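Peer 1: give me the fold of what follows.
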Amino acid sequence: GETFHHPLTFALAGKSEEILPFSFASRYCGEIRMSIRQVFVYDFWYLTRARAKQTKKGCCIRVFPEGFAPLLSDSFQKSMNLEGTEYSTVRPGMDFGDTFAIRDYRPGDAPKTVHWKLTQKYDRLMVRDPGLPLETSYMLLLETGHPDGRTASPAACDCLTELFSSVIQAMAAEGIRHCVGWRDAGSGLLQQAQIQSEEDWSLLLPGLLGAGMQQDTQTSLELYLDGMDHDYATLLYFTPFLPEDVSMLTGYAGMVSVYLCSEEAVPEELYAPNIQVHIVSPKTYKEELAYFTL
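Peer 2: Numbering: from 1, shown residues only. This next block holds a predicted model:
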């Protein structure tokens, strides 16, 4: 969300053209949108000034993350079951190839979930919750919205984007399938995609760099919870803000890991077995998370 004005002064003879080179640098990854704000023409002695007609609207330059190569902890490898698909023991899913639990019928349960043999045996409607396969159980969510007028520093946004991108690349390199998501400022929608390879991520990265950060809008987390696609055993949430309702996330995932780049105080009750809060610094996050764990 930073804005810079860069004045350029040059001499140009009548009815002639000139190529004007200039340089600039960015400390952060993201998308730089350049446009001509105003063009003025002065006489030789700088006594008179007239506004010139603009013919160029601008261009866009992407600054890609530098990234780093975190070593994933052994907990990520639970999805690599060579004997067959491994299923979550803490959360149901949508795969009827495995049964998570058997329970009594509740209004709204789909007819296809009814377990007819047990229903006949116990003389009451029994249903089975489908399993959640762990090879698709990871959701990586980057916060690109600013709730309640709060603002995040450019350094924090850059840190989280670099970390988010690096973890995705590391997981893809290990062949760990996962889903990624963020709020797009242009459409206001949550962008979600499955990642199975590093090539998948390279195609999505330009969209992330242009996602933008906006204030007083629905956050990535709110859009994610309001949607239908949140059946994941593990949620990795990268954010500059600690949401007030972070504890409710355990109702949507068996394990929640929050990567917080902020100076906010973290309530002690969040340090629980199913919620892990990792506080990272824009200056030292590469060293702090060189060994990346849930």
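
Peer 1: what's in contact with the worst-scoring helix or strand of the chain on mean pLDDT?
Peer 2: Within the chain, no helix or strand scores below strand 214-215, which has a mean of 72 by mean pLDDT, DSSP states H and E. Applying CB atoms under 8 Å, 6 or more residues apart in numbering, the contact partners of strand 214-215 are 144-146, 149-151, 185. Bear in mind the C-beta positions are built from the backbone N, C-alpha and C, glycine included.

Peer 1: same question for stretch 107-125.
Peer 2: Against stretch 107-125 from outside (CB under 8 Å, 6+ apart): 96, 102, 104-105, 126-130.

Peer 1: so can I have JSON lines of these showing neighbour count?
Peer 2: Converted to JSON lines, the contacts of stretch 107-125 look like this (neighbours: other CB atoms under 10 Å):
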{"residue": "96", "neighbour count": "12"}
{"residue": "102", "neighbour count": "12"}
{"residue": "104", "neighbour count": "10"}
{"residue": "105", "neighbour count": "15"}
{"residue": "126", "neighbour count": "19"}
{"residue": "127", "neighbour count": "19"}
{"residue": "128", "neighbour count": "19"}
{"residue": "129", "neighbour count": "18"}
{"residue": "130", "neighbour count": "19"}
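
Peer 1: return the member of those residues nearest to residue 177.
Peer 2: For the contacts of stretch 107-125, the residue nearest residue 177 by CB to CB is residue 130; the value is 18.3 Å.

Peer 1: quick check: bridge partners of the closest one?
Peer 2: residue 99 (DSSP bridges).

Peer 1: do the same with residue 40
Peer 2: Beta-bridge partners, per DSSP bridges, of residue 40: residue 51.

Peer 1: how about residue 126?
Peer 2: Taking DSSP bridges as the rule, residue 126 bridges to residue 104.

Peer 1: my guess is it meets residue 103, correct?
Peer 2: Yes: Residue 126 is within contact range of residue 103, at 7.2 Å (criterion: CB atoms under 8 Å).

Peer 1: how far does the helix or strand where residue 156 lies sit from the chain's center?
Peer 2: Element membership of residue 156, judged by DSSP states H and E, is helix 154-173. Distance of helix 154-173 from its chain centroid, counting by CA atoms, centre = their mean, to the nearest Å, is 9 Å.

Peer 1: now do residue 286, the pLDDT please.
Peer 2: In this model, residue 286 is scored at 93, pLDDT.

Peer 1: sorry, wrong one. I was asking about residue 97.
Peer 2: 66.

Peer 1: if we can go back for a sec, C-terminal to the helix holding residue 156, what's the next element?
Peer 2: strand 178-183.

Peer 1: mind listing the strands that following strand pairs with, and their directions?
Peer 2: Assessed with DSSP bridges, strand 178-183 is paired to strand 138-142 (parallel), strand 190-195 (antiparallel).

Peer 1: mind listing the helices for the stretch 151-294 of the chain?
Peer 2: Ranges of helices in the stretch 151-294 of the chain, per DSSP state H, counting those that start in this stretch, are 154-173, 198-209, 220-226, 285-288.

Peer 1: for the last one, list the C-alpha coordinates in PDB.
Peer 2: Output in PDB follows, covering the C-alpha atoms of helix 285-288 (Å, rounded to 0.1, in the frame of the first residue of the first chain):
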ATOM      1  CA  TYR A 285      12.100 -15.100  10.300                       C
ATOM      2  CA  LYS A 286      14.400 -17.100   8.000                       C
ATOM      3  CA  GLU A 287      16.600 -18.200  11.000                       C
ATOM      4  CA  GLU A 288      13.600 -18.700  13.300                       C
END
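
Peer 1: excluding its backbone neighbours, what's nearest residue 233?
Peer 2: Among residues not flanking residue 233 along the chain, residue 137 sits closest, at 3.6 Å (CB to CB, 6 or more residues apart in numbering).

Peer 1: surely the one you found touches residue 234?
Peer 2: Yes: assessed by CB under 8 Å, residue 137 is found in contact with residue 234 at 5.6 Å.

Peer 1: who has more neighbours, those two?
Peer 2: residue 137 (26 against 23; other CB atoms under 10 Å).

Peer 1: from residue 250, how far off is the more buried one?
Peer 2: 15 Å (CB to CB, to the nearest Å).

Peer 1: could you do residue 2 as well?
Peer 2: Distance check for residue 2 against residue 250: by CB to CB, it reads 36 Å.

Peer 1: show me which of these two is the more surrounded one.
Peer 2: Set residue 2 next to residue 250 and count neighbours by other CB under 10 Å: residue 250 wins out with 17 against 10.

Peer 1: grab the nearest non-local neighbour of that one.
Peer 2: With CB to CB, 6+ apart as the criterion, residue 250 has its nearest non-adjacent residue at 5.0 Å, and that residue is residue 274.
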